[in-house]
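A.B. asks: model the following, please.
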Amino acid sequence: MSSKILTQKNLSRTVRRLRKEGKRIVFTNGTFDILHLGHVTYLQKAKACGDILLVGVNTDRSVKAYKDPSRPVNPEQDRIKVLTALECVDHAVLFGDTTPLNLILKVRPDVLVKGADWALKDIVGAKEVLSWGGRVKRIPFVRGRSSTRVIKLLKLA
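C.D. replies: Model prediction:
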């Protein structure tokens with residue numbers, strides 16, 4: 001297993017070490033099912049918000065619960081391995097909840113990043129991150145790029 005892929009068990013230890021080193025931790029989360037330009041651009045912009053980019057990746061079970069029973073297209077181990085192959089992603093961890101709140105509370109990121117399609121009041125964990133002096137950054141998507149769009153195009157082919 002790549003050292004970039006964290007387990008729930010070694011997550012806290014890694015975060016403590018990074019904090020001791022004075023690193024600013026940026027957190028984002030998502031399914032990242034079919035990686036495309038929109039994802040990569042988003043992750044690069046998220047990384048630019050701090051020193052360490054930690055990505056929470058929804059497990060297959062949680063994706064089925066909150067998106068669609070036919071998703072994800074790619075299994076969780078494939079998705080997390082592809083994500084951690086990107087230079088801009090420092091660490092990734094799987095989480096099985098339908099929201100990342102428990103993970104955010106565990107990590108206590110300096111910066112929480114979500115897509116600009118989310119209103120600040122609707123971003124899970126925003127209130128908590130702001131309460132400990134962190135920042136919430138909303139990043140615009142690359143127009144016309146989404147996994148849902150790719151899947152629809154494949155079904156038409």
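A.B. asks: can you give me the helices for this structure?
C.D. replies: 8-20, 37-47, 60-66, 76-84, 101-107, 126-131, 147-156 (DSSP state H).
A.B. asks: out of those, which is closest to residue 137?
C.D. replies: helix 37-47 (7.6 Å; C-beta to C-beta). Placement of C-beta: from N, CA and C, glycine included.
A.B. asks: nearest spatial neighbour of residue 88, skipping sequence neighbours?
C.D. replies: residue 47 (4.0 Å; C-beta to C-beta, 6 or more residues apart in numbering).
A.B. asks: could you dump the helices of the chain to JSON lines with distance to residue 93?
C.D. replies: Converted to JSON lines, the helices of the chain look like this (distance: least, C-beta to C-beta, whole Å):
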{"stretch": "helix 8-20", "distance to residue 93": "5"}
{"stretch": "helix 37-47", "distance to residue 93": "15"}
{"stretch": "helix 60-66", "distance to residue 93": "13"}
{"stretch": "helix 76-84", "distance to residue 93": "8"}
{"stretch": "helix 101-107", "distance to residue 93": "7"}
{"stretch": "helix 126-131", "distance to residue 93": "17"}
{"stretch": "helix 147-156", "distance to residue 93": "20"}
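A.B. asks: so residue 5 bridges to which residues?
C.D. replies: residue 92 (DSSP bridges).
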